[in-house]
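Peer 1: Quick one: sequence and predicted model below, then my questions.
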Amino acid sequence: MDVSLSLVLDVAGTAVFALSGALLAVRKDLDIVGVIVLSVAAGLGGGIIRDVLLGATPPAALENELYLLIAAGAGLLGFFFHPRIGRLNAGIRLFDALGLGFFATSGTLLSLDAGLSPVPVLLLGTVSGVGGGVVRDILGAEIPLVLRQDIYALAALLGSAACVSIVRLGYSAGVAALVGVSTTFVIRMLALKFDWHAPRPRQ
Amino acid sequence: MDVSLSLVLDVAGTAVFALSGALLAVRKDLDIVGVIVLSVAAGLGGGIIRDVLLGATPPAALENELYLLIAAGAGLLGFFFHPRIGRLNAGIRLFDALGLGFFATSGTLLSLDAGLSPVPVLLLGTVSGVGGGVVRDILGAEIPLVLRQDIYALAALLGSAACVSIVRLGYSAGVAALVGVSTTFVIRMLALKFDWHAPRPRQ
Amino acid sequence: MDVSLSLVLDVAGTAVFALSGALLAVRKDLDIVGVIVLSVAAGLGGGIIRDVLLGATPPAALENELYLLIAAGAGLLGFFFHPRIGRLNAGIRLFDALGLGFFATSGTLLSLDAGLSPVPVLLLGTVSGVGGGVVRDILGAEIPLVLRQDIYALAALLGSAACVSIVRLGYSAGVAALVGVSTTFVIRMLALKFDWHAPRPRQ
């Protein structure tokens, strides 16, 4: 993956996860500092977890000030121009689904570059995808979406798998990124729209 | 510690912590994906925290796909063959006590190999032991056992100390591991059975 | 920053955060082991997060047993000599404000030494400052102060910025540390005393 593709995925993922954090903070009636803190934690969390796990420290999100500025900027946008309260949850889920796709894909491509074998690549892709949302929800004292929503980690995993397959077929990282992000996002939104559920345990 | 001993401890610890995660997920009525996510997080969490703290990245649990497969497999086992609901908590505590012992011991032996001095070895052993359970409980929105249960971190600490003592006396890492795992497990189960408590603060 | 200054900041920060953890544990009616666990987690958490993010592993708090002993000692002090229950929260906030200042400043100076650029230095300073309190509150099942309190991350950020400015003006790290710690502490205590609030979102 060349540097510019990596940057595009990370910047886009940071911005949308930060927006989801801002909307959650608004719903929780936090003040402007709380909004920015939750936006930055959600926007930077997934990438920082990914980089720490890959041993790439200091994490890109700390070395390059662009990420912080984008996350804080997105937080301010969310603070000043948030939707009406009734629609906050829809906004959180939309931005969250996009961020899931961007970070699952960037985690997948970076793990492939680091020479990990297939199953760990999928695991790291999935963890990168869900990381920002988990940080956001734990800080916001919510049960993480990854546990509450049936098709969430699965959407990240399938996007990661699609991304790996496209790379294996010989296509460029750019094409793989496009397919990975779209796969995760579409599956997640369809699961929300049609209320898809995975099986539950026998009680 | 030779590689095969390290692998045995990690694989055993991953399997039992994953089972404890699966049973918690069943108790929380999560669907099959949630069950697998919580199993994997519980099974891999302690080892990943240990490796990140020791600077051994990417963590073994990410580089070697065995761990993920074992954790996911244990999650599926828990999903399909869990005990009746009334006995879920007993199962969680049994598997949790075993995992506490396996990871406290592997963290202790790896820290000794890394040349840390005694107190940090005990600390890292204890943190490795309790890590998986803390990740499991935070994700599952439970107050971590490490805070709710009087003799929990203490059991990991005593197992770690027993393990260090045996190594100091000149015995092999294998013997030390056996003593360490047993010490933690037995103390933890006795504390549960006889309802041992540590002193509480004056109010 | 020379080693002795770094040590002074870390030791002081560890002691006060550990005290805040001990008082929270007393308020939650935890037993003596829970008190020590929460004290150690609060005292060591911020520094460990900082060192992992900077890639300085194993973290100082694990390599040097001094930190653990100080945190556990402060925990025992808190357990045996805590204030009356009605005053626990005041104690938590006082020690927390001090720890915030010490760790924000040490994170800032270490990041400057690591050659990070200005915005990441401020971010890492802020994260180091708030880290111990976040670990303490998440383990204690409280919504983190960093989200509940308007002027919290902001106090760490302003202390970090003051510290960077003083270094830029050519003063020694010792002077910068003094200014950084005081700035954070004074702003935080004033915000508590006069009940300062940041703006909230339009609902």
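Peer 2: Here it is on my side, so go on.

Peer 1: What residues does chain A have near chain C?
Peer 2: Counting by C-beta under 8 Å from any C-beta of the partner chain, chain A comes close to chain C at A:25-26, A:28-38, A:40, A:48, A:52, A:55, A:57-59, A:62-65, A:68-69, A:79, A:82, A:85, A:138-141. In this view, the C-beta of every residue, glycine as well, is placed from N, C-alpha and C.

Peer 1: Drop the exposed ones from the residues you listed and show what's left.
Peer 2: The neighbour-count test (16 or more other C-beta atoms under 10 Å in any protein chain shown) marks A:25-26, A:28, A:30-38, A:40, A:48, A:52, A:55, A:57-59, A:62-65, A:68, A:79, A:82, A:138-141 as buried among the residues of chain A next to chain C.

Peer 1: and the residues you listed, which of them are in helices?
Peer 2: A:25-26, A:32-38, A:40, A:48, A:52, A:62-63, A:65, A:68, A:79, A:138-139 (DSSP state H).

Peer 1: near chain B too, which of the residues you listed?
Peer 2: Checking these against chain B by C-beta under 8 Å from any C-beta, the ones in range are A:52, A:138.

Peer 1: And the contacts of the helix or strand of chain A with the lowest mean pLDDT?
Peer 2: Least confident element among the helices and strands of chain A, by mean pLDDT, DSSP states H and E: helix A:145-148 (a mean of 74). Helix A:145-148 has contacts (C-beta atoms under 8 Å, 6 or more residues apart in numbering or on different chains) with A:96, A:130, A:133-134, A:137, A:152-153, B:25, B:28, B:30, B:34, B:37-38, B:139-141.

Peer 1: again, but for stretch A:53-67
Peer 2: In this structure, residues lying in contact with stretch A:53-67 by C-beta under 8 Å, 6+ apart are A:10-11, A:14, A:43-44, A:47-48, A:50-52, A:68, A:110-111, A:114, A:124, A:127, B:48, B:52, B:55, B:57-59, B:62, C:52-55, C:114, C:116-120, C:123-124.

Peer 1: contacting residues for residue A:160?
Peer 2: With C-beta under 8 Å, 6+ apart, residue A:160 has these contacts: A:104, A:105, A:107, A:108, A:121, A:122, A:125, A:126, A:129, A:180, A:184.

Peer 1: do that again at 10 Å, thanks
Peer 2: A:101, A:104-105, A:107-109, A:111, A:121-129, A:180, A:183-184 (C-beta atoms under 10 Å, 6 or more residues apart in numbering or on different chains).

Peer 1: Low-confidence bits of chain A, can you list those?
Peer 2: The model of chain A has pLDDT under 70 over residues A:85-86, A:200-203.

Peer 1: Can you show me the helices along it?
Peer 2: Counting by DSSP H, the helices of chain A are A:3-27, A:32-54, A:60-63, A:65-80, A:88-113, A:118-139, A:145-148, A:153-168, A:173-193.

Peer 1: which of the residues in the last one are buried?
Peer 2: Same thing as helix A:173-193. Neighbour-count burial for helix A:173-193 flags A:173, A:176-177, A:179-181, A:183-185, A:187-189, A:191-192 (criterion: 16+ other C-beta under 10 Å).

Peer 1: Format these as CSV; extra columns: distance to chain B.
Peer 2: Formatted as CSV, the buried residues of helix A:173-193 follow (distance: C-beta to the nearest C-beta, whole Å):
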residue, distance to chain B
A:173, 20
A:176, 20
A:177, 21
A:179, 22
A:180, 19
A:181, 20
A:183, 16
A:184, 14
A:185, 17
A:187, 12
A:188, 12
A:189, 17
A:191, 10
A:192, 14
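
Peer 1: Next, give me the two most distant ones among those residues.
Peer 2: Spatially, the most separated pair among these is A:173 and A:192, at 28.4 Å (C-beta to C-beta).

Peer 1: count of residues packed around residue A:4?
Peer 2: By other C-beta atoms under 10 Å in any protein chain shown, 9 other residues sit near residue A:4.

Peer 1: okay but residue A:14 is in contact with residue A:20, surely?
Peer 2: No - assessed by C-beta atoms under 10 Å, residue A:14 is found out of contact with residue A:20, at 11.1 Å.
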